[in-house]
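>>> The sequence and its predicted three-dimensional model are supplied below.
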Amino acid sequence: YRYPSLSYKCRHAHSCMCLLGKHTQLSFPWEHYMQCDGSPDPSVPQEINTFMSLWQESKNDDIEFVIEKGNQVLNLIEKLDFLLLDTPPNELMEDTIVQYQESILALQCLLHQKYNEATEHLLKKANTYADSDSGNMEVVIKDKNVTFCIWANLKKNPRYSTKVTLFQMKNGFDLPKTVATTDVAVRILHTHYDHVSPLRHIPTLHLKVETPESKPELTVFYDMKEEEEEKEGEQKCGEDSYLVIEKEFVHVAPLQVATDEKEEEIFDENVVDLHQFTPVGGVYHIDALKLPPQAKQIKGWTMVELLDVGLETYPYPPASEETEDSTYPCIGVTLRLLDSVIFFEEPVVARWDSAGEQWRTDGISDMKYKMKEKQISFEMDAFYTIALIQDAHLHMPYQSWELRPNGTDELLFTVVTAFAEVQMQIKGNQCMLSSITVEGCEQLSHLTGRWTSPIDLTVALKRAGVNIFPSDYSHKYVCVNKKTPLAEVTAYEQLALVASAFAFSWSKWNLASGQDQVVFKVSEHLKTEAVKDEDWSLYMFSGQRAQRLKISETSEAFSDDLEENTEFHSTLVHMIKDFASEEAIEKVKKASCLFIDAVYQLLIATRVLTYS
């Protein structure tokens, strides 16, 4: 496979985006082939079905083997997620979406089944893991993606069975005395990922391309030479989306898009709205299990009763008719949170309601959160699957942002929020988290310094609790500085085109310029140090017309008056050219298309012109 040539005669940034999207799709099988690790291609149904069937039939329930195999399954799921996220919406066929999501659900189900089988295998020999002090089974098995905390009541002594702390993880629970004297086991299975929440909805677009009556003039030149302008059309696809029709390409801006499904309104105050809130730090499966018969040594023989019932749940509270109106004591739980995530506010504890397929907050009480110790305790009226919920829009709107080039095809992208300063570095087609600073201290060191794709970085930051990436629904929960898609998206495209030689930053006047105009600071920047205040200029752009403003950031009022001795231009690129040095223009000409695409991806993902 040969990557398609992208010459300077490609007129528009979104032309490159379409080509790059197709390149990513086509290169996935080749990258998979080059790995040569024996794993199936998850995008091929036959391969993934064979893989699942073989593991389904496997009788190896050893916990270490299951965890290792589980990591391979998680990798396959991540590949399918990447394909769904990376493929342009207008290129995703509905049957492909269904196929990928069915494969994801099947892999998730199989993985949890294998976790249960491994748990049963451990519990059958629980007495071999008996603690020397309590006499009960206490096992903690920790991996990068999952943690098993398993306790089994072997001695049935209330002294050691009502309040249990698994000291290795600082996780614990309090059992009612009625349960503490029975054949019960408790498993806290902490998956550092979320396979419980419903899969993300992938919009299915039904686009009808029609020639608009009027076509706005838009041109972006890679060679910085003004030539004959080409025409492109615009067709509305929803409140915050638009369709650009070009000579050979159709591009849908990744803003809010029209879908076939009506938005569901949530009226129950106990139901967690996953458009507004998000689980952080994975999922805790807290289960009471029936302890299987243990092996006994009789006259040199090892004897054990075999039950072919699988892993059985211990019912609590009992579901008999006689006790329906009885009040049962709550179960106390203490959890140690992951160091790899940040909670900027006290999280809400929610339980999974499998019948309604939703997270709920009822049934949980007496929550106590220790932020310094990263520990949370609460009570629940039954054994539940638990998640810690955080507002998905804590960091929005942003306080400021800046793009600053610091090398060839390299720049630093900074987003400052009310809680943190996030710095991301872009180099070529890769990006990297440089730092996250919270109250003067750097956090999430495990994520910094790792080069990855823009999509993978956004996913990693969201999982870590640092969500600076608005969704299709975020405008309902954030005070948005609304801008027209023509102005906002075209600005991102053109900022990306010249970001190799020019710095851009937030301006307070963007709030005063109206919906049809975006305002930001601009400075030619060929060095690596920070931009001085006196070097910034203000530019305003509508998507069709660019101008340099007479006012400065410290002016008393907003004015759209032109800077003296300047004129309007149809594009931001031509506007900047009037004030650029030959060195800067040459650097822009030589900028890699992959670099331009990476910058655009992060700009459209953060939407700094609307959410600042």
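In hand now; what should we look at?

>>> Kindly check the end-to-end length of stretch 459-474 for me.
Across stretch 459-474, the terminal residues are separated by 17 Å (Cα to Cα, to the nearest Å).

>>> so how far is that stretch off the chain centroid?
Taking Cα atoms, centre = their mean, to the nearest Å, the mean C-alpha location of stretch 459-474 is offset from the chain mean by 5 Å.

>>> tell me the mean pLDDT over that stretch?
On average, the pLDDT along stretch 459-474 is 94.

>>> which other residues reach stretch 348-358?
196, 198, 271-272, 277, 279, 283, 359-364, 367, 376, 378, 380, 384-390 (Cβ atoms under 8 Å, 6 or more residues apart in numbering). Bear in mind the C-beta positions are built from the backbone N, C-alpha and C, glycine included.

>>> Next one: Thr414 relative to Ala420, how far apart?
Plainly put, Thr414 is 11 Å away from Ala420 if you go by Cβ to Cβ, to the nearest Å.

>>> Neighbour count for these two, which is higher?
Ala420 (21 against 18; other Cβ atoms under 10 Å).

>>> Leu110: neighbour count?
18.

>>> My error: substitute Asp516 in the last question.
The tally of other residues near Asp516 (other Cβ under 10 Å) stands at 13.

>>> That one against Lys482, yeah?
No: the pair Asp516 / Lys482 is not scored as a contact, 10.4 Å apart, by Cβ atoms under 8 Å.

>>> What remains of the contacts of stretch 348-358 if I keep only buried residues?
Buried members of the contacts of stretch 348-358, scored by 16 or more other Cβ atoms under 10 Å, are 196, 271-272, 277, 279, 283, 359-361, 363-364, 376, 378, 380, 384-390.

>>> In strands, which of the residues you listed fall?
277, 279, 283, 359-360, 364, 376, 378, 380, 385-390 (DSSP state E).

>>> Of those residues, just say which sits nearest to Ala185.
Thr385 (16.6 Å; Cβ to Cβ).

>>> Report the beta-bridge partners for that closest one.
Counting by DSSP bridges, Thr385 forms beta bridges with His285.

>>> and it, what pLDDT?
At Thr385, the model reports a pLDDT of 97.

>>> go on, Phe28?
Turning to Phe28, the model gives it a pLDDT of 55.

>>> try Asp131
Residue-level pLDDT assigned to Asp131 equals 84.

>>> same question, Leu76
We have a pLDDT of 96 for Leu76.

>>> where along the stretch 51-200 of the chain do the strands fall?
Per DSSP state E, counting those that start in this stretch, the stretch 51-200 of the chain has strands spanning 137-142, 146-152, 163-166, 171-174, 184-191. These are given in chain order.

>>> what about dumping the CA coordinates of the fourth one to CSV?
The C-alpha atoms that make up strand 171-174 are tabulated as CSV, following Å, rounded to 0.1, in the frame of the first residue of the first chain:
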residue,chain,number,x,y,z
ASN,A,171,-10.1,-2.1,50.3
GLY,A,172,-12.5,-3.4,52.9
PHE,A,173,-16.1,-4.2,53.7
ASP,A,174,-18.4,-4.7,56.7
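
>>> Outside of it itself, which residues are in contact with it?
For strand 171-174, using Cβ under 8 Å, 6+ apart, the contacting residues are 149, 151, 162-166, 186, 188, 286, 331-336.

>>> Determine which two of the residues you listed are furthest apart.
Thr162 and Arg336 (20.2 Å).

>>> and of the ones in strands among the buried ones among the contacts of stretch 348-358, the nearest to Met303?
Within these, the smallest distance to Met303 is 35.8 Å, found for Thr385 (Cβ to Cβ).
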